[in-house]
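Novice: Compute the structure for the input listed below.
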Amino acid sequence: MKALNRMALTTAAIFIFGAASAVAADLPKIGIVNFQKVLATSSPGKIAKAEINKKGKEMEESLKAKGTELEELKKTIEREALVMSKDKRDEKEREFRIKVNDFKTMQARYKDSFKSLEARLVSKINRDVLELAKKMGKDGGYMLILERNAAGVMYFPEALDITDELITEFNKSSVKAK
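Specialist: Coordinates of the predicted model:
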């Protein structure tokens with residue numbers, strides 16, 4: 001009786017492992033891409049980041065110069081306030097408020113311009129990566145390629161991560177495009 005149970009258990013185990021390996025052979029090929037890593041490490045991503053940083057520094061320097069000018073004007077008004085007539089002081093203070101408003105407007109304009117530049121560059125890279133992922137999906141026989149963060153992927157085996165392969169292809173295609 002024990003031998004019969006052992007043989008039945010062995011047969012069941014062989015059947016289960018055989019069925020599992022047959023199912024594993026038919027599993028769809030799935031890939032995961034980390035777009036943030038693509039942005040940070042690909043050549044086009046680095047170029048975009050450098051352009052964004054350059055533009056940001058230019059804007060920051062311009063704002064810093066304008067801020068320094070405003071501070072100097074404020075000190076001048078405070079220093080000369082006692083010797084100015086009330087009308088002259090009111091006029092200088094009005095000019096200062098106008099310049100402060102101009103500065104705030106410039107800050108807002110730069111902020112919008114910066115966000116627009118960043119969105120435009122990231123959007124272009126996103127479109128290029130999407131096209132490349134489609135091509136890799138068709139050529140590589142993938143059933144599904146997900147973006148790691150946007151898809152809400154909480155766990156996946158590292159073997160599914162095709163980010164490095166995509167970055168390599170992206171770098172190659174960006175060199176060919178130039």
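
Novice: Now do the lengthiest helix in the chain: which elements does it pack against?
Specialist: Assignment by DSSP state H gives helix 86-140 as the longest helix of the chain. Other elements packing on helix 86-140 under the criterion 3 or more Cβ pairs under 8 Å, 6 or more residues apart in numbering; DSSP states H and E are strand 30-33, helix 35-41, helix 43-80, strand 144-147, helix 163-177. Where you see a C-beta, it was placed from the backbone N, CA and C, and this is true even at glycine.

Novice: and with 6 Å instead?
Specialist: Helices and strands touching helix 86-140, as assessed by 3 or more Cβ pairs under 6 Å, 6 or more residues apart in numbering; DSSP states H and E, comprise helix 43-80.

Novice: how far away is the residue most central in space within the chain from Ala119?
Specialist: In the chain, the residue lying closest to the centroid (Cα atoms, centre = their mean) is Gln36, at 5.1 Å. Separation of Gln36 from Ala119 (Cβ to Cβ, to the nearest Å) stands at 15 Å.

Novice: got it, and Leu132?
Specialist: Counting by Cβ to Cβ, the separation of Leu132 from Ala119 is 20 Å.

Novice: Looking at the two, which has the bigger crowd around it?
Specialist: Leu132 (19 against 11; other Cβ atoms under 10 Å).

Novice: Return the residues in contact with the more buried one.
Specialist: Residues near Leu132 by Cβ atoms under 6 Å, 6 or more residues apart in numbering: Glu169, Phe170.

Novice: now Val38
Specialist: Counting by Cβ under 6 Å, 6+ apart, Val38 touches Val129, Ile167.

Novice: I'd like to know how far it sits from Glu169.
Specialist: Val38 is 11 Å from Glu169, by Cβ to Cβ.

Novice: shared neighbours, the two?
Specialist: By Cβ under 6 Å, 6+ apart, no residue touches both Val38 and Glu169.
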